[in-house]
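>>> Could you work out the structure for the sequence below:
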Amino acid sequence: MVGSINCMHWEWKNCPTAWKGQYSRGSDKPTIVLEAVALYDLWIWHAFFGPPGTLNDINVLDRSPVFDDIIQGKAPQVNFSVNGREYDLAYYLTDGIYPKWATFIQSIPIPQDPKACLFAKKQEAARKDVERAFGVLQSRFAIIKNPALFWDKTKIGKIMRACIILHNMIVEDERDGYALSNVSELQHGEGSGSATVDLAYETDTSNLENSMFARTKLRDRRQHEKLKSDLMENIWQKFGHY
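A predicted model of the protein is given here:
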């Protein structure tokens with residue numbers, strides 16, 4: 001698991017009138033969307049800012065560069081095993097609006113048995129990391145919490161990126177002091193699983209066929225179901241006796 005992914009809206013008070021319909025949804029207040037991936041300690045390692053507020057999380061994902069390195073063959077090769085089954089794509093924790101891809105793991109909306117209930121509890125607890133990151137980011141920098149007063153969208157984007165950089169600097173400096181999660185609980189015991197990252201890995205995606213293969217692999221629904229089932233079983237084995 002490489003983090004939790006979600007979107008946050010920043011109100012744009014002085015949005016140009018000609019753009020207001022493009023950036024307004026529901027509350028009739030124009031907003032700009034920030035897509036981010038955060039870790040358990042609130043470190044934000046991916047941020048995509050700029051889509052108009054009328055877009056939902058799926059529309060933002062279609063524009064996002066979060067998977068560009070994988071599609072282009074530039075991402076490190078990740079290998080890990082869950083319940084003896086090998087996987088080579090890292091995954092993100094998401095809410096229910098995201099599609100059932102091999103790289104996304106959602107909760108179970110209406111769990112029926114104890115195993116599903118435990119999985120939903122653990123997934124939803126860990127998924128809140130990105131929500132906490134948004135809350136801490138807004139509490140640290142009032143300029144993001146309050147509506148943006150600038151006309152220039154480029155300048156607004158620079159402000160958001162600057163705040164995220166400063167936030168990550170604070171997290172890195174205070175990482176050992178305020179992390180709410182006990183990382184040892186998330187680590188696998190001996191023989192239950194392993195993960196390796198090949199930083200030298202690179203695939204030639206100079207042609208359309210390779211790029212389409214990587215894109216299809218990312219969106220593999222069957223792989224998603226297998227991984228979700230294995231994770232559910234692994235969590236049950238580790239925490240089901242409590």
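>>> Let me see the residues that make contact with stretch 218-225.
Around stretch 218-225, the neighbours that count as contacts under Cβ atoms under 8 Å, 6 or more residues apart in numbering are 67, 70-71, 87, 89, 99-105, 217. For every residue, glycine as well, the C-beta is placed using N, CA and C.
>>> Most widely separated two among those?
Spatially, the most separated pair among these is Ile71 and Ile105, at 20.0 Å (Cβ to Cβ).
>>> So which of these two has more stuff around it?
Neighbour totals were compared for Ile71 and Ile105, and Ile105 leads with 23 against 19 (other Cβ atoms under 10 Å).
>>> Please report how far the more buried one lies from Leu55.
In this view, Ile105 and Leu55 are 23 Å apart by Cβ to Cβ, to the nearest Å.
>>> quick one: Ile108 is in a helix?
No. Assigned with DSSP: H, G, I helix; E, B strand; the rest coil, Ile108 falls outside any helix and is coil.
>>> And the pLDDT at it?
Here the pLDDT value assigned to Ile108 is 91.
>>> for Asp69, same thing?
pLDDT at Asp69 comes out at 87.
>>> in which helix or strand would I find it?
Element membership for Asp69 (DSSP states H and E) is helix 68-71.
>>> Output the contacting helices and strands for that helix.
Secondary-structure packing of helix 68-71 (3 or more Cβ pairs under 8 Å, 6 or more residues apart in numbering; DSSP states H and E): helix 208-218.
>>> follow-up on the earlier one: and the contacts of the helix holding Asp69?
Helix 68-71 has contacts (Cβ under 8 Å, 6+ apart) with Ala75, Leu89, Thr205, Ser211, Ala214, Arg215, Leu218.
>>> mind running it again at 10 Å?
Helix 68-71 is contacted from outside by 65, 74-78, 89-90, 103, 203, 205, 210-215, 217-218, using Cβ atoms under 10 Å, 6 or more residues apart in numbering.
>>> Filter those residues down to the buried ones and hand me the ChimeraX line.
Listed next is the ChimeraX selection for buried residues among the contacts of helix 68-71, using 16 or more other Cβ atoms under 10 Å:
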select :75,77,78,89,90,103,203,205,214,217,218
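>>> can you pull the contacts of Trp45?
Val2, Gly3, Ala36, Val37, Ala38, Leu39, Ile164, Asn168.
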